[in-house]
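# What follows is a predicted structure for the sequence shown.
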Amino acid sequence: MCTVTVIPLDPGGLRLVSNRDELRTRPPSSTPRRHALHGAGALWPVDPTGGGTWIGVSERGVAMSLLNLNLDPHPTLPREPLSRGTVITSVLHHGSAHDAAHAVRGLDLERMNCFRLVCADEERVLCARWDRSELSIEERALAPVCFASSGLGDHLVQGRLPLWADMIEQCGATPETQDAFHAHAWPDMGFASVLMAREEARTTSTTVTEIHTDRVSIAHRDDDGWHEQTHLTRRADTPAAP
């Protein structure tokens with residue numbers, strides 16, 4: 001479904017980028033726009049099918065992206081599923097990546113299919129993983145990192161991770177390297193590529209979120225090209241990370 005990467009920015013901040021892979025029959029999402037969450041401003045695109053989103057950034061300095069978790073064998077699905085697109089809109093108002101990731105425990109997870117939620121701020125990156133039996137949360141210091149998933153099975157696209165590591169080692173963790181990675185396609189392995197393409201699905205968009213000391217922003221590319229960047233002033237009352 002997605003490839004998500006995070007890099008630190010110099011002299012401070014971070015950049016989180018997501019390639020969204022979807023069925024060719026799925027309606028396109030809206031371009032990102034401003035939203036209000038519990039008194040905090042946030043930016044995200046809207047998926048017209050579920051009404052939620054797969055990526056967002058808040059004026060409190062937290063960015064996040066959601067990936068499907070495709071396990072083998074597949075776990076039993078919920079009888080009355082709740083869209084995973086509601087996960088980000090439910091926790092993005094929190095003041096740190098730590099608080100946002102741990103707030104996932106309070107959601108109605110029993111009604112959701114499997115997912116991984118990547119949360120990042122200027123201190124750390126967390127991944128909340130729901131596999132239909134338990135929620136686990138992995139935490140690491142902010143550093144270049146990549147996550148990948150595929151509806152064919154996540155194990156089939158893990159080759160994207162060593163490619164990421166090689167590109168970062170050779171060229172450094174820069175926005176230019178990150179963008180080159182998200183545009184990479186193997187000529188003979190379209191289904192496994194970062195810029196993915198197969199008969200029934202493809203990469204439909206790339207979305208870039210950035211957090212700086214004075215602002216947060218989001219930019220979005222789809223079949224119409226890059227849309228105008230949207231930004232918010234960074235809140236001065238952002239709580240310190242725990």
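Yes, it's here.
# ok, now which ones touch the residue nearest the centre of the chain?
Nearest to the geometric centre of the chain sits residue 65, at 2.0 Å (C-alpha atoms, centre = their mean). The contact partners of residue 65, by C-beta atoms under 8 Å, 6 or more residues apart in numbering, come to 2, 4, 16, 18, 54, 55, 56, 88, 117, 118. Quick note: C-beta positions are derived from backbone N, CA and C, even for glycine.
# Now for residue 175, how many residues are close by?
13 (other C-beta atoms under 10 Å).
# do the one 3 residues further on as well
Other residues near residue 178 number 23, with proximity taken as other C-beta under 10 Å.
# I'd like the distance between it and residue 52.
25 Å (C-beta to C-beta, to the nearest Å).
# where are the low-confidence patches of the chain?
1, 236-242 (pLDDT under 70).
# those helices in it, which residues are they?
86-91, 97-103, 160-171, 175-182 (DSSP state H).
# Serialize those to CSV and add fields for distance to residue 219.
Shown next, in CSV, are these (distance: least, C-beta to C-beta, whole Å):
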stretch, distance to residue 219
helix 86-91, 17
helix 97-103, 21
helix 160-171, 20
helix 175-182, 11
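# Tell me which of the ones you listed sits nearest to residue 136.
helix 97-103 (10.5 Å; C-beta to C-beta).
# which helices and strands does that closest one pack with?
If you count contacts as 3 or more C-beta pairs under 8 Å, 6 or more residues apart in numbering; DSSP states H and E, helix 97-103 packs onto helix 86-91, strand 115-120, strand 124-130, strand 135-141.
# ok, and for that helix, which residues are buried?
Neighbour-count burial for helix 97-103, counted by 16 or more other C-beta atoms under 10 Å, picks out 97, 98, 99, 100, 101, 102, 103.
# now do stretch 219-228
Here stretch 219-228 shows 219, 220, 221, 222, 227 as buried, counting by 16+ other C-beta under 10 Å.
# and the two most separated of these?
It's 219 and 222 that sit farthest apart of the buried residues of stretch 219-228, by C-beta to C-beta, at 11.2 Å.
# anything in contact with each of the two?
By C-beta under 8 Å, 6+ apart, no residue touches both residue 219 and residue 222.
# tell me the contacts of residue 56?
Contacts for residue 56 (C-beta under 8 Å, 6+ apart) come out as 42, 43, 44, 63, 64, 65, 88, 89, 92, 209, 218.
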